[in-house]
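> Quick one: sequence plus predicted model below, questions after.
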Amino acid sequence: MRVATEGTWDLYITGYGWHIGGYTGESKAALNADSWGAGAGKHWTDEDGNEDILFAFVFRDSHDHPEPIGGYARQWYTPSVPGGLSLGGGFAGLTARDVGAPRLAFFAAAGTPD
């Protein structure tokens, strides 16, 4: 895996958690939006501009519990159009949420406008 041997080191800082629909009034007010955390990783960009990423970090989740996330991510990008806009999408690693049961791990997806 070239990202592990040739990748460039990254530092990740988290800070805000946006809560989408499904929460209203008191239930939304009780959620933590200050998702502070940090971690590290490595990224490597191939000849087509796509990225491989290894990462691990932990942040405060919506209920003020620590939430670890880590793994491998792959992101593909479309060719740029005039003005430099391109779209990207891919997949990421695993996270473990405290959802009333012992840490439930699930797959996390990634999408990035470039």
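Done, it's in.
> how far does stretch 55-75 stretch from start to finish?
End-to-end distance of stretch 55-75 (CA to CA, to the nearest Å): 13 Å.
> What residues sit buried inside that stretch?
By 16 or more other CB atoms under 10 Å, the buried positions in stretch 55-75 come out as 55, 57-62, 67-73, 75. For the C-beta atoms, the positions are set from N, CA and C on the backbone; glycine is no exception.
> For the chain, which segments count as helices?
With DSSP state H, the ranges of helices along the chain come out as 2-6, 25-29.
> closest one to Ala38 among those helices?
Evaluated over the helices of the chain, closeness to Ala38 peaks at helix 2-6, with 20.0 Å, by CB to CB.
> the strands in this protein, which residues?
Per DSSP state E, the chain has strands spanning 8-14, 37-45, 51-60, 66-77, 87-97, 104-113. These are given in chain order.
> If you count neighbours, what's buried in the second one?
Along strand 37-45, these residues count as buried under the neighbour rule (16+ other CB under 10 Å): Gly37, Gly39, Gly41, Lys42, His43, Trp44.
> Which one of these is nearest to Gly90?
Nearest to Gly90 among the buried residues of strand 37-45: His43, at 12.0 Å, using CB to CB.
> any idea which residue of the chain is furthest from its center?
What lies farthest from the middle of the chain is Pro82; by CA atoms, centre = their mean that is 28.2 Å.
> Report pLDDT for it.
For Pro82, the model assigns a pLDDT of 83.
> could I get stretch 16-36 in PDB with only the CA atoms?
Extracted in PDB, the C-alpha atoms of stretch 16-36 (Å, rounded to 0.1, in the frame of the first residue of the first chain):
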ATOM      1  CA  TYR A  16     -18.400  21.100  14.700                       C
ATOM      2  CA  GLY A  17     -21.100  18.500  14.300                       C
ATOM      3  CA  TRP A  18     -24.100  19.400  12.000                       C
ATOM      4  CA  HIS A  19     -27.300  17.500  12.900                       C
ATOM      5  CA  ILE A  20     -29.600  17.000  10.000                       C
ATOM      6  CA  GLY A  21     -33.300  16.300  10.000                       C
ATOM      7  CA  GLY A  22     -35.000  14.000  12.500                       C
ATOM      8  CA  TYR A  23     -34.300  16.100  15.500                       C
ATOM      9  CA  THR A  24     -36.600  18.800  16.800                       C
ATOM     10  CA  GLY A  25     -37.000  21.100  19.800                       C
ATOM     11  CA  GLU A  26     -35.600  19.700  23.000                       C
ATOM     12  CA  SER A  27     -34.100  16.600  21.400                       C
ATOM     13  CA  LYS A  28     -32.000  18.700  19.000                       C
ATOM     14  CA  ALA A  29     -31.100  21.200  21.700                       C
ATOM     15  CA  ALA A  30     -29.700  18.300  23.800                       C
ATOM     16  CA  LEU A  31     -27.200  17.300  21.100                       C
ATOM     17  CA  ASN A  32     -23.600  18.300  21.300                       C
ATOM     18  CA  ALA A  33     -22.500  20.300  18.200                       C
ATOM     19  CA  ASP A  34     -19.000  20.900  19.600                       C
ATOM     20  CA  SER A  35     -17.400  17.800  18.200                       C
ATOM     21  CA  TRP A  36     -13.800  18.600  19.200                       C
END
